[in-house]
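Asker: Sharing a model prediction with you, sequence too.
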Amino acid sequence: MTGRGIDQILPHPSDPTLHESWVLDARDYVTLAERTGGPIPRPVEPRYLWGDALAELERAAPDVRVLPLETALTTSEDREEKGIHYRMHPANVASLTAIRPDVCVLANNHVLDWGRRGLNETLDVLHAAGIRTAGAGRDATEAQAPAIVERPRGRVLVFGFAHLSSGIPPSWAATAERGGVNLLHRLSEDDAVSLARRVRSLKGPGDIVLASIHWGGNWGYDVPNEQRRFAHALIDRAAVDLVHGHSSHHAKGVEIYRDRLVLYGCGDFLNDYEGISGYEDYRSELGFMYLPRLDGTSGRLRELRLVPTRIRNLRVNRADEEDTRWLSAMLNREGRAFGTGVERLADGTLRLAWR
């Protein structure tokens, strides 16, 4: 979520005017963050937001970097009638390219905050910057199409979806005539079968398929049965190798199903919530960099390493010892139902264990 308050510390901030119930100026979110973590330099250079994550990514050297983006990159003033609007000025796109994402998943409840003109500009800006997109498009065909990343041993196909349970208006669905998100009205067997037909028509030998889904509410550790059934159906029927769930503002439990990784909620890697009270028990400022290693032939999970992070001063930082212990305990508690837990490694990262 690189819009709103975060956009205000970048070199080219958007108009700070907001239309929220309580906050009318995006700079107020910067003030709240500074009260919590101290002064933030302004404007920040493009790499600032990602902080310690940049060195971690250099060490990990992942084949593919996938980033859900809950922000429109636009100057559009076609504001939707909703409570919260996220916008990042297109001239700040260097702050996204600094982390070198291969794919931005746009299936979420903020990408059309500034109308379809805002969505179209977002697509143009990202594509011009060399970033592939999934989960939204100028019509249903583009929204449903996977982002495809070539790698030496095959391709990675990233499909993006959003479900109504994440608060997306039904009118945001992409159709043959209008742009929008790749919206699932249900999480049904029929939906999984429909996806299976698309995946099997595209997946070749050595290809890895990732299904990235924006679903569920913002708070709570419970994993609804329909989410779990749908995740399993994607693996069973659609040959999906990794289910990447997001929407919750905090990380949730992890499951391994048939040797495939299911992330039901990854939390917010970056947001402008510092200093906002109300859900402190969930520790939404804490999260992870998820670094899965898959078998390049079968798609089975070989290892999941998690780098504990903390948002402070509107940037990503390595979590300290106390925060890492909290995150470890949470994953062990929430993973018990799935037969998963974590072990601490010497470098302070975590590794998933499962049975």
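Answerer: Received the coordinates, thanks.

Asker: only C-alpha atoms for contact and neighbour calcs from this point on.
Answerer: OK.

Asker: Am I right that residue 335 is in a strand?
Answerer: No - secondary structure assignment (DSSP: H, G, I helix; E, B strand; the rest coil) places residue 335 in helix, not in a strand.

Asker: Can you tell me the centre-most residue of the protein?
Answerer: The centroid of the chain falls nearest to residue 68 when counting by C-alpha atoms, centre = their mean (3.0 Å).

Asker: Got phi/psi on it?
Answerer: phi -70, psi 130 (degrees, to the nearest 10).

Asker: got a list of what it touches?
Answerer: Counting by C-alpha atoms under 8 Å, 6 or more residues apart in numbering, residue 68 touches 104-106.

Asker: Put the alpha carbons of the strand or helix carrying residue 124 into CSV.
Answerer: Element membership for residue 124, per DSSP states H and E: helix 115-128. The C-alpha trace of helix 115-128 is given here as CSV (Å, rounded to 0.1, in the frame of the first residue of the first chain):
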residue,chain,number,x,y,z
GLY,A,115,-12.3,4.9,-11.4
ARG,A,116,-11.5,3.1,-14.6
ARG,A,117,-9.4,6.0,-15.8
GLY,A,118,-7.3,5.5,-12.7
LEU,A,119,-7.0,1.7,-13.4
ASN,A,120,-6.0,2.3,-17.1
GLU,A,121,-3.3,4.8,-16.0
THR,A,122,-2.1,2.4,-13.4
LEU,A,123,-1.7,-0.3,-16.1
ASP,A,124,0.1,2.1,-18.4
VAL,A,125,2.5,3.3,-15.8
LEU,A,126,3.4,-0.2,-14.6
HIS,A,127,3.8,-1.6,-18.0
ALA,A,128,6.0,1.3,-19.1
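
Asker: can you list the residues that contact it?
Answerer: 72-76, 78-80, 90, 93, 111-112, 132-133, 137-138, 179-180.

Asker: Narrow those residues to those that are buried.
Answerer: Buried members of the contacts of helix 115-128, counted by 16 or more other C-alpha atoms under 10 Å: 72-76, 79, 90, 93, 111-112, 132-133, 137-138, 179-180.

Asker: Now intersect those residues with the strands, please.
Answerer: 72-73, 132-133, 137, 180 (DSSP state E).

Asker: Just the closest of these to residue 63, please.
Answerer: Using C-alpha to C-alpha, residue 132 comes nearest to residue 63 of those, at 14.6 Å.

Asker: Quick check: closest non-adjacent residue to that closest one.
Answerer: Sequence neighbours aside, residue 103 is the residue nearest to residue 132 in space, at 4.7 Å (criterion: C-alpha to C-alpha, 6 or more residues apart in numbering).

Asker: which secondary element of this protein has the worst mean pLDDT?
Answerer: The helix or strand of the chain with the poorest confidence is helix 189-202; it has a mean of 91 (mean pLDDT, DSSP states H and E).

Asker: C-alpha coordinates for that helix, CSV please?
Answerer: The C-alpha coordinates for helix 189-202 follow below in CSV (Å, rounded to 0.1, in the frame of the first residue of the first chain):
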residue,chain,number,x,y,z
GLU,A,189,-15.9,-26.0,-7.4
ASP,A,190,-17.2,-24.6,-10.7
ASP,A,191,-14.8,-21.7,-10.4
ALA,A,192,-11.9,-24.0,-9.7
VAL,A,193,-12.9,-26.1,-12.8
SER,A,194,-13.1,-23.0,-14.9
LEU,A,195,-9.6,-22.0,-13.8
ALA,A,196,-8.3,-25.5,-14.4
ARG,A,197,-9.3,-25.2,-18.1
ARG,A,198,-7.3,-22.0,-18.4
VAL,A,199,-4.3,-23.2,-16.5
ARG,A,200,-4.1,-26.5,-18.4
SER,A,201,-4.3,-24.7,-21.7
LEU,A,202,-1.2,-22.6,-20.8
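
Asker: Spell out the residue ranges of the helices in this protein.
Answerer: 27-37, 53-60, 94-97, 115-128, 140-144, 189-202, 225-238, 321-335 (DSSP state H).

Asker: who touches stretch 140-152?
Answerer: Under C-alpha under 8 Å, 6+ apart, the answer for stretch 140-152 is 63-64, 102-103, 132-137, 155-161, 173-176, 178-182.
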